[in-house]
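Undergrad: Next come a sequence and a model predicted from it.
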Amino acid sequence: MSLRVWDERVLPRLTDRRLSAPELDGLRSAACTGLTGRVLEIGFGSGLNVRWYPAEVTSVTAIEPSDIAWELSGPRRASSDVTVDRAGLDGQRLDLPDDSHDGALVTFSLCTVPDPLLALREARRVVRQGGRLHVLEHGLAPDESVRRWQRRMEPLQRATAGGCHLTRDLVGLLEASGWEVEQREQAYLPGPAIARPWTYVYRLVAG
């Protein structure tokens, strides 16, 4: 199997299965809480956040590079009262007006964006003054013993998981891109210690 077939045809389906785990439901619900109006979602994926959009969300502008993931999201979009329009493939370059959205959402996607600073700066441009960015991501762990394994495993992770990084500092990235972190929760997901390089999760709200 070629790497292109793996990335384009197989990985989106595996990602949908892995990230639809019930233990992530509470985190997704919490990440979406507080969103209102017109929302930009970078890395829409297979629509796993759709069921958690608050009633105050009126529409979602979806940025998603994978056609397979977009197809997988079809039933979830169809069952929602929120209109979701796909408006681009690349979160680093948004063909959207300045100050055109009330908020933004990104979940388990910044790890694969080649330049997350560009994507976060684009979100900052598109979200109006006073709007909020809601983030749910895995990333750099606080324990040096885990960080060592993250650094060791990252080349393999990037090669097999669509460019996914294990060592991104989400708080640092947000601050460097012009966002101010207002709410912050960080913890390992429940599970065995051997999984910790992949399971340190950040839930952040920035304005």
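TA: Ah, there it is.

Undergrad: What segments of this structure are helices?
TA: For the chain, helices defined by DSSP state H occupy the ranges 3-5, 11-19, 25-32, 67-72, 74-78, 116-126, 144-160, 170-176.

Undergrad: Out of these, which one sits most buried?
TA: helix 116-126 (a mean of 21; mean count of other CB atoms under 10 Å). Where you see a C-beta, it was placed from the backbone N, CA and C, and this is true even at glycine.

Undergrad: quick check: mean pLDDT across that helix?
TA: Averaging pLDDT along helix 116-126 gives 98.

Undergrad: next one: that helix to chain centre, how far?
TA: Here helix 116-126 is found 13 Å from its chain centre; the criterion is CA atoms, centre = their mean, to the nearest Å.

Undergrad: ditto for stretch 39-58
TA: 11 Å.

Undergrad: measure that stretch end to end?
TA: 8 Å (CA to CA, to the nearest Å).

Undergrad: Return the set of residues that bridge with Ala62.
TA: Note on Ala62: beta-bridge partners by DSSP bridges are Glu41, Arg86.

Undergrad: That one: neighbour count?
TA: By other CB atoms under 10 Å, the residues close to Ala62 number 24.

Undergrad: now do the one 4 residues further on
TA: Counted with other CB under 10 Å, the neighbours of Ser66 add up to 23.

Undergrad: same thing with Asp143?
TA: Using other CB under 10 Å, Asp143 has 12 neighbouring residues.

Undergrad: residues contacting the residue lying closest to Thr33 once chain neighbours are set aside?
TA: In space, and not counting its chain neighbours, Thr33 is closest to Pro54: 6.5 Å by CB to CB, 6 or more residues apart in numbering. Shown in contact with Pro54 (CB atoms under 8 Å, 6 or more residues apart in numbering): Cys32, Thr33, Gly34, Leu35, Thr36.

Undergrad: Now do the phi/psi pair for Pro54.
TA: Phi and psi for Pro54, reported as degrees, to the nearest 10, are phi -60, psi 160.

Undergrad: Considering the contacts of Pro54, which possesses the most neighbours?
TA: Leu35 (24 neighbours).

Undergrad: Contact partners for that residue?
TA: By CB under 8 Å, 6+ apart, the contact set of Leu35 is Tyr53, Pro54, Glu56, Val57, Asp102, Gly103, Leu105, Arg132, His134.

Undergrad: That one and Val205, how far apart?
TA: Distance from Leu35 to Val205, counting by CB to CB, to the nearest Å: 10 Å.

Undergrad: what's the answer for Gly139, then?
TA: 16 Å.

Undergrad: Kindly report the same for Leu118.
TA: Relative to Val205, Leu118 is positioned 21 Å away (CB to CB).

Undergrad: for Ser145, same thing?
TA: According to CB to CB, Ser145 stands 29 Å off from Val205.

Undergrad: do Leu170 as well
TA: 12 Å.

Undergrad: Now for these two: what residues contact both?
TA: Joint contacts of Leu170 and Val205 (CB under 8 Å, 6+ apart) are Val135.

Undergrad: who's in contact with the residue nearest to Gly163 when sequence neighbours are not counted?
TA: Using CB to CB, 6+ apart and skipping residues adjacent in sequence, the residue nearest Gly163 is Thr112, 4.7 Å away. If a contact means CB under 8 Å, 6+ apart, then Thr112 has Gly43, Ala161, Gly162, Gly163, Cys164, His165 as its contacts.
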